[in-house]
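*Asks:* Model the following, please.
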Amino acid sequence: MTRGTRQLERKHDLSSRQTEQAVRNKGSNEREPARIFTVRYVLALSLVAALIVAGQAVVQISLKQQEQDARTINIAGRQRMLSQRIHAHVLTAERETNVDRLRARTTTLTNDLALWQRSHDGLRYGDVDLDLRGNNSSEVQVLFASLKPNFVAIKTAAGEVIAMAEAADAAPIDLRPQILTILRHEGRFLGTMDQIVHVYEKEAAARVTKLQRIELLLMASALFVLALEAMFIFRPAVRRIRSTMSELSRVSNIFQQLSLRDGLTAIPNRRCFDVIYKRELRRALRSSEPLSLVLIDVNNFKEYNDSFGHQVGDTCLTRIAQTLRNNARRPGDLVARYGGDEFVVLLPNTDMRGAHNVAHVMRRAVESLKIQHASPNAQGILTISTGVASTKLTRANKRSSDLLRAADAALYRAKRTRITHIEDAAWGGDKLGAGHAFAVTPVKSN
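*Replies:* Here you go, the predicted model:
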C-alpha cells in the first residue's frame, strides 16, 4: 500500500469518525425531546387512568345507590302491606270465638305491628340493620309529618286490641271502636304511603340519571384526553420517529457505502467483492451458468511510484480504476479494487471467450490512456497484465477459492512468461471442470 493511499484512507477514517460523532451529537440533542415526550406521555396516561378509576368508582356508587333505593322503595311499599295485614288481624280477632286462637292471632299482630313500627322509624330516621339511610328529602319529610296522626292512630288501636286480647277470659271480644279507628285512618295512611313511594322512585331515578351523566362526562373526558394525546403526543412522536428512522437509514446507507467502497479509487473494495462473489457463486450453481473472473495487475507500478511520487501514483490508480469500470459494459459486471495495484473483474453468465474479450478490451483501454512510464522495464507507457478463469459450477465443484486460484495462477504465468498471449487451453481442469485459464500481458513485465 502506498503512502498516498494510506493518507487517503486515514482521511476516509477521519470522515467516518466525524460522521459517527455527528450521529452521537444528534442523538444527544434528541434526548431532551425524548424526555419531554416521556413526561407528557406518563402524565396523559395517568390522567386517563384517573378518569377510568373515577368512572369505575361512579359505577360502583351508582350500583350501591340503586341497591339502597330499591331497598327503601321495597320497605316503603311493604308498609302499605303491613298496615293492611294489621287491619286484617284486628278483623279476625274481633270474630274469633276461641281464646287460645285469639291470643295466637294477637301474637302475629304483635310481630307485624313491631315490624311496621321499626320500618316506619327506619324510613324516617334510618336503620343500619335494615340498610336504610333516613336522609329523606324535604318533600318526603313533609309527607311523613302529615302521615304521623294516621300512623299513631292505627298503632294505638292495634295496641289496644293486643291488650284486650291478652286480658280477655272469653271470646269473642268487642273491637268495633278499634276497627272503626283503623278504617278511618287506613285510607289516608295508604294514600300518603303511595305518595312517599312515588317520591322515592322519582328521586332514585334522578340519582341514577345524575350518576349516568357523570359517568358519560368522565368517559367523554377520557376520550378527549386520548384525542389530545394522539394530536399532541403520538402524532409528533410518529413524525419524529419517521424522521429519525429516515435519518438512521440515510446514515446507515452512508456507512454501508463507505464500508463497501474503496476510499482512493471510489470503486467497490475487497469486502464488496467478497460479498457479491459469494452471491454470484450461489446463483451460478443454481442456474448452471458460467462464471468468470479477471485478475488485473498494473505492471511496474512500484517503479512508477518511485519515479513520480505517491500522489501521482494514487492519481494513476484512480484513472485506471475508472477506465476499468467504464469498460465493464453489463450491469451485472463488477470491477473492484483487490488490493494495492491489483483489481478484479467479476463476470456473471460469461464464458471463457467472453471473459477473454473483456480482458482484451480493458488492457487496450488502459494502454490508450498513454500514462508515461520511464522505467527501463516498461514500454514507455503504463500497462496491465490479466489472468482469466472461467467455470461452470457443480455440487462437487463449488469452492469459491478454486476460481480465484485459477485466475491468480493465470496472472502469475502471464507476468512470469512475459508473453503477449496464452491461447485458450485446459488449465486445472481436474478442479474447475469446464474451466480454462489464459493470460494477456505485454511483452515486457516485471
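*Asks:* quick one: buried residues of stretch 350-365?
*Replies:* Going by neighbour count (16 or more other C-beta atoms under 10 Å), the buried part of stretch 350-365 is 350-352, 354-356, 358-359, 362-363. Quick note: C-beta positions are derived from backbone N, CA and C, even for glycine.
*Asks:* From residue 186, how far off is residue 372?
*Replies:* Distance of residue 372 to residue 186, computed by C-beta to C-beta, to the nearest Å: 135 Å.
*Asks:* Among these two, which residue is more densely surrounded?
*Replies:* When neighbours are counted by other C-beta atoms under 10 Å, residue 186 comes out ahead of the other of residue 372 and residue 186, with 19 against 12.
*Asks:* Correct me if wrong, but that one is in a helix.
*Replies:* Yes: per DSSP: H, G, I helix; E, B strand; the rest coil, residue 186 lies within a helix segment.
*Asks:* list the contacts for it?
*Replies:* By C-beta atoms under 8 Å, 6 or more residues apart in numbering, the residues touching residue 186 are 83-84, 87, 150, 154.
*Asks:* coming back round to it: out of the buried residues of stretch 350-365, name the two that are farthest from one another.
*Replies:* Across these, no pair lies farther apart than 351 and 363, at 18.8 Å, counting by C-beta to C-beta.
*Asks:* For the stretch 201-350 of the chain, which segments count as strands?
*Replies:* Taking DSSP state E, counting those that start in this stretch to define them, one finds strands in the stretch 201-350 of the chain at 290-298, 334-339, 342-348.
*Asks:* of those, which approaches residue 91 most closely?
*Replies:* strand 342-348 (115.3 Å).
*Asks:* Could you list every helix and strand in contact with the following helix or strand past the closest one?
*Replies:* Next along the chain after strand 342-348, taking DSSP states H and E as the criterion, comes helix 352-368. Using 3 or more C-beta pairs under 8 Å, 6 or more residues apart in numbering; DSSP states H and E, the elements in contact with helix 352-368 are strand 290-298, helix 310-326, strand 342-348, strand 384-392, strand 436-440.
*Asks:* okay, those in a markdown table with mean neighbour count, mean pLDDT and distance to residue 202 next?
*Replies:* Shown next, in a markdown table, are these (neighbours: other C-beta atoms under 10 Å; pLDDT from 0 to 100; distance: least, C-beta to C-beta, whole Å):
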| stretch | mean neighbour count | mean pLDDT | distance to residue 202 |
| --- | --- | --- | --- |
| strand 290-298 | 25 | 94 | 93 |
| helix 310-326 | 18 | 93 | 93 |
| strand 342-348 | 23 | 95 | 90 |
| strand 384-392 | 26 | 91 | 97 |
| strand 436-440 | 25 | 39 | 106 |
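*Asks:* want to throw those into a markdown table with distance to residue 179?
*Replies:* Formatted as a markdown table, the helices and strands packed on helix 352-368 follow (distance: least, C-beta to C-beta, whole Å):
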| stretch | distance to residue 179 |
| --- | --- |
| strand 290-298 | 122 |
| helix 310-326 | 124 |
| strand 342-348 | 119 |
| strand 384-392 | 124 |
| strand 436-440 | 134 |
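*Asks:* How about the secondary structure of the residue lying closest to residue 214 once chain neighbours are set aside?
*Replies:* Leaving out its chain neighbours, the residue that sits closest to residue 214 by C-beta to C-beta, 6 or more residues apart in numbering is residue 58, at 5.3 Å. Per three-state DSSP, the local secondary structure of residue 58 is helix.
*Asks:* Number of residues surrounding residue 58?
*Replies:* Residue 58: 20 surrounding residues under other C-beta under 10 Å.
*Asks:* Which residues are in contact with it?
*Replies:* 211, 214-215, 218.
*Asks:* so what are the domain limits for the protein?
*Replies:* Using automatic domain parsing, the domains assigned to the chain come out as 3-231, 270-440.
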